[in-house]
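Undergrad: Build the 3D model from these lines:
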Amino acid sequence: MSRRWLVLCFSLLLLASGATPSRSEEAGPEPSAHALSGPAPRHETDFYRGHRWGWYWYEREPETPEPKKPKKPRRLLEVYTVDQLWRMPPERFRKLMNTYLERAVGNPTEENMLDYLILQEIARRKAFAFASAFVYVTQKHPELLGNKLTYPITQPGRKARVGMIRSEISSKVLAARSHCGLILFTRSGCPWCEAQRSILRHFVQRYGWPVKEVSLDTPEGERAAVRFSIDFVPAIILVSRSGDWVPVSAGVVSVSELEQRLYWAIKIMEGQQRPEQFLLYDFEKGTPADPLSILTTLKGGNWK
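TA: All right, here's what the predicted structure looks like:
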C-alpha cells in the first residue's frame, strides 16, 4: 500500500506544477541585453547577416582573364589560291593589294614583303596579258585603232600628213576667193591692228582675196560692229556673196593660222561639214579620226 500511495502523491505533484504558472512565466520572458540597450546598429546586423562568405564558405575569388595575344595575320596564300587571285575582280584586287602594301610598309617583315610582292607580280602579269590582248585585237580590227591610221608616228608618215594638210587648205582657200571676202575691224591707236593689217597684206598677196577694213571710230564701223557682235579689235569676219558670215579671229593671227581657220570656216559655211567634224580634213572622212564614222563602222564591222 505504501508504494501505491507514493506513486499517487508524486503524480498529483506533477499535475499541480504543470497547471499553475510560475511567477516568472506570468511576468513574461526577461528582456535581453540587446533589447535593453535599444536596436542593434546597422553595421552589426549587416555583419551577422552576411558573415557566411569567404574561403571557408567555399567562395572562390574571380579569376582575372589573361590578356589575349594579338592574332597573327594569315599569310596571303593561306587565304587565297593563286587561281582566285588571278580571277579576282580588279576593284577587289586593288583593295587587297593596298591592304598588303600598308601591312608591308607598317611592318616590313620578310613574310609581309613576300605577300605584297606576290600580289605585285600577279598585277604585272595581268597588265601584260591585257596589253597583249589589246594589241592583238587592234591588229585584227584596225578600224578600232583610233586615229593612228591618219596620225602616223614615223617621220616619212608625218611628212606625208603635213603635205596633205597644206595641199587641202591651199586648194580650199583658193577656190573660195571668188565668192568670199574678209572684213577687218580696227580702231585708231591700236598697235595690234597695225600688226594684223601687215599680216593680211601677205595673205592677200598669196591668195588674192578681197579685204575690207572697217574702223570702229566711224558711225559705219559702229553699226557694223553691232551687226557682227564685235567686242575686240583686231577682228576678222568671213563673208560670202550669199550673205552668210562666220567669225574667223579675234586678236592677231599669223598667215598659217588664218589659212587654217578659213579652211574650217568655209566648210561649215558651205554646209560641207557638221560641227562635230569641224577639225576634220577631207582625207580623214570615213576613217577612225572621223567621229561620225563609228555609226557605220560598228554596223558593218565583223566582230567575231
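Undergrad: which stretches of the stretch 151-300 of the chain have low pLDDT?
TA: Within the stretch 151-300 of the chain, the ranges that satisfy pLDDT under 70 run 297-300.
Undergrad: where along it do the helices fall?
TA: Per DSSP state H, counting those that start in this stretch, the stretch 151-300 of the chain carries helices over the ranges 155-176, 191-207, 219-228, 255-269, 294-300.
Undergrad: likewise the stretch 1-150 of the chain?
TA: Assigned by DSSP H, counting those that start in this stretch, the helices in the stretch 1-150 of the chain fall at 2-19, 23-27, 33-36, 42-49, 76-79, 82-87, 90-106, 110-140.
Undergrad: Does residue 214 touch residue 183 like I think?
TA: Yes. Because the distance of 6.0 Å satisfies Cβ atoms under 8 Å, residue 214 is recorded as touching residue 183. Backbone N, C-alpha and C define where each C-beta goes, glycine included.
Undergrad: Overlap of the contact sets of these two?
TA: Taking Cβ atoms under 8 Å, 6 or more residues apart in numbering as the contact criterion, the common neighbours of residue 214 and residue 183 are residue 224.
Undergrad: so what's residue 265 up against?
TA: By Cβ under 8 Å, 6+ apart, the residues touching residue 265 are 238, 246, 247, 248.
Undergrad: among those residues, which two are most distant?
TA: When Cβ to Cβ is used, the two most widely separated members of the contacts of residue 265 are 238 and 247, lying 7.7 Å apart.
Undergrad: of these two, who's got more company?
TA: With neighbours defined as other Cβ atoms under 10 Å, residue 238 and residue 247 compare such that residue 238 has more, 22 against 14.
Undergrad: ok, now how distant is that one from residue 291?
TA: 24 Å (Cβ to Cβ, to the nearest Å).
Undergrad: for residue 81, same thing?
TA: Between residue 81 and residue 291 the distance is 45 Å, computed by Cβ to Cβ.
Undergrad: just checking, residue 184 touches residue 212?
TA: Yes. Under the criterion of Cβ under 8 Å, residue 184 is in contact with residue 212, at a separation of 7.1 Å.
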